[in-house]
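Chemist: Quick check, what structure comes out for this input:
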Amino acid sequence: MGWRDWSTFGPVALLGAVALYACGSSSAKLGDDRGDGGGSSTTSNTTSHGSTTSQSSGQVSGSNASTSGGSSTSGSKTSTGASSSGSGVASSTCTAASTDSGTAVLMYHKHINRDGFYIDNALTKTALQGKTLHLDTTFSGSLSGVAGITPSEVRASPLYSPTGYGGNPTFYVVDESNNVYALSATGAVLKAVNLGSSLTREPCVTTTHVGIRGTPAIDPASGIMVLDAATGTMSVSKHTLYGIKISDLSTAWSLDVSTVSSSGTSFAASNENQRSAVLIVNGTAYVSYGGFIGDCGDYHGWVVGVSAATGTGAKAWATPSVEAGIWGPGGPASDGTMIYVATGNPQNMSTTTWEGGFSLVRFAAGPTFSGSANDYFWATNDTGDEDLGGSAPLLVNANCTNPYIVQVGKDGTEYLLDTSKSLGGRVSPSLGSLAVMNDEITTAPAWASISGTTYVAMMGNQAGSGGANCPNGTSGEMVVTTADPSNTAKPIAMGWCGTPPGFGAPIITTSDGTKDALVWVAGALGRNDAAGGDKQLHAYDLASGAVVNSGSDPFANVRHFTSPIVVSGRIFVAGDTQLYAYKP
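Modeler: Numbering: from 1, shown residues only. Have a look, this model is predicted:
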């Protein structure tokens, strides 16, 4: 009930300097006492580093950008609106970031809003139309042959820092045997470290390792990469958060997650699975947890916050109910101020008392939860194992005007919610909803605003018949919708449906912020690592769904939820023993 699909997420992605906006919202506390107010626990850690900075979130429709990074102008916009209960006012403030992260890919889908939107001037339709993408023969990418290191399943997305190992451009890959790899710009392994013995099987099933599963995130101020490593044999004996220095892969700090608690609820490591991507906002790392396939044991949905630089000041929130896991591969998302997560279904499935399940939950920094219905949306359509938290939230802040949330999940519904207002508890979503998939959505979606139109791309997971309400006789597991909250009669519209030969999570690229808008998907393994993908990369016109390239050289053992990442004209996909690099 918290999670039926154990494979882990998909790559991160791309490059390009663009004037990006961080949109923050602060919400009025409306006095509804339902829910769990959260709790905290602090621990001592050995560490170095100190200062932190905020990270860019979002995109500006139609902005021009180079592939070399750079600065952008700053500005701000503020909007206010009455909360849905009529007893308070929430505000949303957007402030332009001074710079983007350039070529750096420091977290899943590159930005804290999880848009999966990237700019690279090499990725044009002219360069790709009808062509086969070939492997870059100058890039090795092999994870094998390192003394003392045995590679295993790669479910996390790779990361990239232009000032990584030894201060040089570096790719980072982690796997389920608790290995962390640093690779050079040419794909040579610079160093690999092991963080302890991983499980040789999941608690409820007899296959797959369990080790580092969720995609890490890198704090640019301290140069620390934060990740969770599960250790044990037949069951998890410990979840440990690590702060790893990207300059040399040494451990800056570590934290036993069992030392945290929330309002009397203790963290039970043996029952918790860490699949969601790590988020770092304003120097705080947010790590979320849910259950394993088969719902073994009494787990909760958890969000743990800790200083990315030092590992200190740990604070945690757990769902009031057992289960209600937070397991969408995209992980928590942020507008630069507030943190958002989506939860799965709770064990008891009450229809009258909020238990933390089937919900989009909003936190202040920490994480700090108000306990008010102002700060959660309880999806009324979910009555069974539909898990709103099967996918993670997107913060849509195109042009920093009227930011809102897009949430999809296993029930196949797309929800739009206004971040400037009360989320409202068990109510209809404030901006609308639409059934978009006759299938479960358990990969991370992506979004982009191009020439005034906001597109949302998502993939089904083979559990049903694919897209719902597909236009023009189209069908398939890939669905692209358009979102326009100002159109109150039809805030969500079906764009197109397609059938990519594979099941990776999508990303969106443009060549300059507007032109050559493409949605990419890897022909990865399917649900529960089932066969079915064609082991190639595929690009489609974002607006029309037209096929652009004719495939690629093959890759091997790329897992469900994997999305490509793009750095300096090359597209990267992570497999179990290989980081693959493709170029037009």
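Chemist: switch to C-alpha atoms for all contacts and neighbour counts from now on
Modeler: Fine.
Chemist: Quick check: the gap between the spatially closest residue to I339 that is not a sequence neighbour and K410.
Modeler: Using C-alpha to C-alpha, 6 or more residues apart in numbering and skipping residues adjacent in sequence, the residue nearest I339 is F363, 5.0 Å away. When C-alpha to C-alpha, to the nearest Å is applied, the distance between F363 and K410 equals 23 Å.
Chemist: still on that earlier bit, need the phi and psi values for the residue nearest to I339.
Modeler: Summarising the backbone geometry of F363 under the convention degrees, to the nearest 10, its torsions are phi -120, psi 150.
Chemist: To what extent is it buried, counted in neighbours?
Modeler: Applying the criterion other C-alpha atoms under 10 Å, we find 22 residues in the vicinity of F363.
Chemist: and it, what does it touch?
Modeler: The contact partners of F363, taken as C-alpha atoms under 8 Å, 6 or more residues apart in numbering, are M338, I339, Y340, F369, S370, D375.
Chemist: Out of the residues you listed, which is nearest to A522?
Modeler: Nearest to A522 out of these is Y340 (C-alpha to C-alpha; 27.1 Å).
Chemist: Am I right that that closest one is in a strand?
Modeler: Yes: inclusion of Y340 in a strand is indicated when DSSP: H, G, I helix; E, B strand; the rest coil is applied.
Chemist: my guess is it meets G328, correct?
Modeler: No: distance between Y340 and G328: 12.0 Å, which falls outside the contact criterion (C-alpha atoms under 8 Å).
Chemist: Could you give the bridge partners of the nearest residue to S544 once chain neighbours are set aside?
Modeler: Spatial nearest neighbour of S544, chain neighbours left out: W496 (6.8 Å); criterion: C-alpha to C-alpha, 6+ apart. Under the criterion DSSP bridges, W496 forms beta bridges with V480.
Chemist: is it true that W496 touches G476?
Modeler: No: W496 sits out of contact with G476 when judged by C-alpha under 8 Å, with a separation of 9.3 Å.
Chemist: hang on, V306 packs against N282?
Modeler: No: in this structure, V306 sits apart from N282 without contact. The criterion is C-alpha under 8 Å, and the distance is 11.1 Å.
Chemist: So which of W496 and G476 has more stuff around it?
Modeler: Regarding W496 and G476, a neighbour count based on other C-alpha under 10 Å identifies W496 as having more, with 25 against 20.
Chemist: neighbour-wise, which of V306 and N282 wins?
Modeler: Each of V306 and N282 had its neighbours counted (other C-alpha under 10 Å), and the higher figure belongs to V306 (26 against 17).
Chemist: element containing the more buried one?
Modeler: Counting by DSSP states H and E, the element that carries V306 is strand 302-307.
Chemist: average model confidence for that strand?
Modeler: For strand 302-307, the mean pLDDT works out to 97.
Chemist: What are the buried residues along that strand?
Modeler: Residues of strand 302-307 classed as buried by neighbour count (16 or more other C-alpha atoms under 10 Å): W302, V303, V304, G305, V306, S307.
Chemist: just the residues you listed now: which is nearest A316?
Modeler: Ranked by distance to A316 (C-alpha to C-alpha), the buried residues of strand 302-307 are led by V304 at 4.3 Å.
Chemist: Relative to D298, how far out is that closest one?
Modeler: V304 sits at a distance of 18 Å from D298 (criterion: C-alpha to C-alpha).
Chemist: for the closest residue to N469 other than its chain neighbours, what are its contacts?
Modeler: Excluding its sequence neighbours, the residue lying closest to N469 (C-alpha to C-alpha, 6+ apart) is V436, at 6.6 Å. Contact criterion C-alpha under 8 Å, 6+ apart gives G412, T413, E414, G467, A468, N469, V479, M494 as the residues in contact with V436.
Chemist: For the residues you listed, give me TSV that also has secondary structure, pLDDT and distance to G148.
Modeler: What follows is those, written out as TSV (DSSP: H, G, I helix; E, B strand; the rest coil; pLDDT from 0 to 100; distance: C-alpha to C-alpha, whole Å):
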residue	secondary structure	pLDDT	distance to G148
G412	coil	90	44
T413	strand	92	46
E414	strand	95	46
G467	strand	91	46
A468	coil	93	49
N469	coil	89	52
V479	strand	96	43
M494	strand	96	51
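Chemist: Just the closest of these to I119, please.
Modeler: V479 (21.7 Å).
Chemist: So the closest one is in contact with Y455, correct?
Modeler: No: look at V479 against Y455 with C-alpha under 8 Å: they stay out of range, at 10.2 Å.
Chemist: So which of these two has more stuff around it?
Modeler: When V479 is set against Y455 and neighbours are counted by other C-alpha under 10 Å, the residue ahead is V479, at 26 against 22.
Chemist: List the contacts of the closest residue to K125 other than its chain neighbours.
Modeler: Nearest in space to K125, with sequence neighbours left out and distances taken as C-alpha to C-alpha, 6+ apart, is D516 at 5.7 Å. For D516, the residues meeting the contact criterion (C-alpha under 8 Å, 6+ apart) are L123, T124, K125, T509, T510, D541.
Chemist: Tell me the bridge partners for the last one.
Modeler: It refers to D541. Under the criterion DSSP bridges, D541 forms beta bridges with L518.
Chemist: Number of residues surrounding it?
Modeler: Neighbours of D541 under the rule other C-alpha under 10 Å: 17.
Chemist: where's it relative to P203, distance?
Modeler: When distance is defined by C-alpha to C-alpha, D541 is 42 Å away from P203.
Chemist: swap in the fourth one?
Modeler: Taking C-alpha to C-alpha as the measure, T509 and P203 are separated by 38 Å.
Chemist: out of those two, which sits in the busier spot?
Modeler: Neighbours of T509 and P203, each counted by other C-alpha under 10 Å, are more numerous for T509; the result is 28 against 22.
Chemist: Partner strands of the one helix or strand the more buried one maps to, with direction?
Modeler: Using DSSP H and E, T509 sits within strand 507-510. Strand 507-510 has the following strand partners under DSSP bridges: strand 117-119 (parallel), strand 518-522 (antiparallel).
Chemist: Name all residues that make contact with the most centrally placed residue in the chain.
Modeler: For the chain, the residue nearest the mean C-alpha position is G330 (1.9 Å; C-alpha atoms, centre = their mean). Under the criterion of C-alpha under 8 Å, 6+ apart, the contact partners of G330 comprise F9, Y108, H109, R114, S276, A277, S391, A392, P393, T443, A444.
Chemist: need those residues in TSV with pLDDT and distance to K421, can you?
Modeler: Formatted as TSV, the entries for the contacts of G330 read as follows, by pLDDT from 0 to 100; distance: C-alpha to C-alpha, whole Å:
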residue	pLDDT	distance to K421
F9	29	31
Y108	96	27
H109	96	26
R114	96	21
S276	95	26
A277	97	27
S391	90	22
A392	91	20
P393	96	17
T443	88	27
A444	93	25
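Chemist: nearest to G425, of the residues you listed?
Modeler: Using C-alpha to C-alpha as the measure, the one of those that approaches G425 most closely is P393, at 16.6 Å.
Chemist: quick one, phi psi at the closest one?
Modeler: Here P393 shows phi and psi, under degrees, to the nearest 10, equal to phi -70, psi 150.
Chemist: Hmm, E414 and it touching each other?
Modeler: No: distance between P393 and E414: 10.5 Å, which falls outside the contact criterion (C-alpha under 8 Å).
Chemist: Output stretch 305-321 as PDB, restricted to C-alpha atoms.
Modeler: Once side chains and other backbone atoms are set aside, the C-alpha atoms of stretch 305-321 remain, and they are given as PDB (Å, rounded to 0.1, in the frame of the first residue of the first chain):
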ATOM      1  CA  GLY A 305      16.100  17.500   7.400                       C
ATOM      2  CA  VAL A 306      19.800  18.000   8.300                       C
ATOM      3  CA  SER A 307      22.500  20.600   7.600                       C
ATOM      4  CA  ALA A 308      24.100  19.600   4.300                       C
ATOM      5  CA  ALA A 309      27.400  21.000   5.400                       C
ATOM      6  CA  THR A 310      27.700  19.700   8.900                       C
ATOM      7  CA  GLY A 311      25.100  16.900   9.400                       C
ATOM      8  CA  THR A 312      23.900  18.800  12.500                       C
ATOM      9  CA  GLY A 313      20.400  20.100  13.600                       C
ATOM     10  CA  ALA A 314      18.500  17.000  12.400                       C
ATOM     11  CA  LYS A 315      14.800  17.400  12.500                       C
ATOM     12  CA  ALA A 316      12.100  14.900  11.300                       C
ATOM     13  CA  TRP A 317       8.400  14.600  10.500                       C
ATOM     14  CA  ALA A 318       6.600  11.300  10.200                       C
ATOM     15  CA  THR A 319       3.100  10.600   8.900                       C
ATOM     16  CA  PRO A 320       0.600  10.100  11.800                       C
ATOM     17  CA  SER A 321      -0.500   6.700  10.300                       C
END
